[in-house]
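*Asks:* using only what follows, build the 3D model:
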Amino acid sequence: MPKIYKICSASAWREAERHGVYRGSVDDLRDGFIHFSTAMQLPETARKHFFGQSALFLVEVDSDALGAGLRWERSRNDELFPHLYGELDLGAVTAVHQMHSRADGGHDIPELVP
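*Replies:* Predicted coordinates:
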């Protein structure tokens, strides 16, 4: 079960829990897919897109459960990133971790079990 990760605001995640589905952030909706990262890509994603933000969750997802809507596409640094074309069914979520923000604006990435 390869895992992929989504960083999102706590408020957006709580709304997803109420509806049973995550439809994506403003950026996801603009781009037409939900942006995910691998464990190795998380530190740079957090720094580049979430620096200075607080009240964030790291959502862990079973990529095998996403089906044909998941595509691996080239993005930052010509790396392959997982993109989900469609909504995230919460049944594919394996864990939700709170991300702690630091005084310098960065974040502590939770320890992830492969």
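*Asks:* the helices in this structure, which residues?
*Replies:* 10-19, 26-31, 42-50 (DSSP state H).
*Asks:* make CSV from these and add distance to residue 73 and mean pLDDT to it.
*Replies:* C-beta coordinates here come from the backbone N, C-alpha and C atoms, glycine included. CSV is the format used below for those (distance: least, Cβ to Cβ, whole Å; pLDDT from 0 to 100):
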stretch, distance to residue 73, mean pLDDT
helix 10-19, 23, 96
helix 26-31, 11, 96
helix 42-50, 15, 95
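*Asks:* okay if I get these as TSV plus distance to residue 99 and mean neighbour count?
*Replies:* As requested, the helices of the chain are arranged in TSV below (distance: least, Cβ to Cβ, whole Å; neighbours: other Cβ atoms under 10 Å):
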stretch	distance to residue 99	mean neighbour count
helix 10-19	9	14
helix 26-31	17	12
helix 42-50	7	16
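*Asks:* CSV please, covering the ones you listed and showing distance to residue 81.
*Replies:* Shown next, in CSV, are these (distance: least, Cβ to Cβ, whole Å):
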stretch, distance to residue 81
helix 10-19, 20
helix 26-31, 11
helix 42-50, 9
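*Asks:* looking at this protein, which residue ends up farthest from its center?
*Replies:* Farthest-out residue of the chain from its mean C-alpha position, per Cα atoms, centre = their mean: residue 103, at 22.5 Å.
*Asks:* wouldn't residue 12 be in contact with residue 21 here?
*Replies:* No. In this structure, residue 12 is not within contact of residue 21 by Cβ atoms under 8 Å, at 11.9 Å.
*Asks:* who's in contact with the closest residue to residue 82 other than its chain neighbours?
*Replies:* Leaving aside its sequence neighbours, residue 82 sits nearest to residue 36 (Cβ to Cβ, 6 or more residues apart in numbering; 4.1 Å). The contact partners of residue 36, taken as Cβ atoms under 8 Å, 6 or more residues apart in numbering, are 4-6, 61, 63, 81-84.
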